[in-house]
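J.: My questions are about this predicted structure, shown below with the sequence.
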Amino acid sequence: ALKGFIKVIYADPNSKLNLVPADIVANAHVLAAWSVGKKRYSSLLVANCTATENLHVKFCEYIETLNQLAQEFPIPQSFQQHTNLIIVPNKYLYCIIAAYYHYLPVIVLSVWLSLFGTKSRLYSLYCFFDMVMSSVRFFWFHTFEFERNNLEYLDKLIHPEDRKDLNLDFRDATILGMTLSLPEGSHFYDWKTDKKSEWERQRIKYNQVCCVHFNREEKPYDKSDHVYGNTMDMFQEVPLFQPP
């Protein structure tokens, strides 16, 4: 969505996502296997590696956090525009908006490219995106609550000397802090090693603008642009910072 390919999505903006750090999930697997191997449980152990209250966030809040990530760490030497991701909880309204923002521009672009003997795969990509999203759509419309008792019990079993390597306590973690730390493990591309000429770079960027930013209006980010209140029953539009 931050790259502008996805402009509208079929989901409930108020449904909550259950976000857990990857290292916590890995530690939980290790500790669960260890506790079973030590026969600390007489029955099968079920430990729900689920989020704390800080990481049980709404879908719209998660999108806003991605927006802050793009503002804090913009991609260097790229076009930077503001765009909107529209979250639509109504199926029929989603079909209408998706046709306008996704399929109609792609059809026009495909016809235009066919005049030059080339083809665009964007239409098939949007079809593939809708097919994949249909398999996870149920989870974007429902909020799940899980017991954390077994997970907290596993955390208490960790020896103090092992906590520097194995830890299940992430109560202080926040979605904003986790998101803004992503660039630390994903370094920016070093343009000094790029062998493309300046003309080739500009041509690539121009093609990105034609394909990705087609039929888009540029506007500054304003938190007042969020659609809440009475319009929530229809759809919610979440501003996103655009680094292609």
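T.: Happy to help now that I have it. Bear in mind the structure is a predicted one, so any value in this text is a computation, not a measurement.

J.: ok, the closest residue to Val8 other than its chain neighbours to Ile9 distance?
T.: Distances taken as CB to CB, 6 or more residues apart in numbering place Ile86 nearest to Val8, at 4.3 Å, with adjacent residues excluded. Just so you know, the C-beta spots here come from the backbone N, C-alpha and C atoms, and that holds for glycine as well. Counting by CB to CB, to the nearest Å, the gap from Ile86 to Ile9 is 7 Å.

J.: Tell me which of these two has more neighbours.
T.: Ile9 (23 against 20; other CB atoms under 10 Å).

J.: phi, psi of the more buried one?
T.: Here is the backbone geometry of Ile9 (degrees, to the nearest 10): phi -140, psi 150.

J.: And for Lys16?
T.: According to degrees, to the nearest 10, Lys16 has phi -100, psi 140.

J.: can you count the residues close to the residue lying closest to it once chain neighbours are set aside?
T.: Among residues not flanking Lys16 along the chain, Thr143 sits closest, at 4.4 Å (CB to CB, 6+ apart). If you count neighbours by other CB under 10 Å, Thr143 ends up with 14.

J.: Export only the CA atoms of stretch 168-186, formatted as PDB.
T.: The C-alpha coordinates for stretch 168-186 follow below in PDB (Å, rounded to 0.1, in the frame of the first residue of the first chain):
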ATOM      1  CA  LEU A 168       8.800 -13.700  26.300                       C
ATOM      2  CA  ASP A 169       8.100 -10.500  28.000                       C
ATOM      3  CA  PHE A 170       7.200  -7.800  25.500                       C
ATOM      4  CA  ARG A 171       4.600  -5.800  27.500                       C
ATOM      5  CA  ASP A 172       6.500  -2.600  26.900                       C
ATOM      6  CA  ALA A 173       6.600  -3.000  23.100                       C
ATOM      7  CA  THR A 174       4.500  -0.700  21.000                       C
ATOM      8  CA  ILE A 175       3.400  -0.900  17.400                       C
ATOM      9  CA  LEU A 176       5.100   2.500  16.600                       C
ATOM     10  CA  GLY A 177       8.400   1.500  18.200                       C
ATOM     11  CA  MET A 178       8.500  -1.800  16.400                       C
ATOM     12  CA  THR A 179       7.600  -0.300  13.100                       C
ATOM     13  CA  LEU A 180      10.100   2.500  13.300                       C
ATOM     14  CA  SER A 181      12.800  -0.100  14.100                       C
ATOM     15  CA  LEU A 182      12.300  -1.900  10.800                       C
ATOM     16  CA  PRO A 183      14.800   0.100   8.800                       C
ATOM     17  CA  GLU A 184      17.500  -1.000  11.200                       C
ATOM     18  CA  GLY A 185      17.400  -4.500   9.700                       C
ATOM     19  CA  SER A 186      16.500  -3.400   6.200                       C
END
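
J.: I am finished for the moment; much appreciated.
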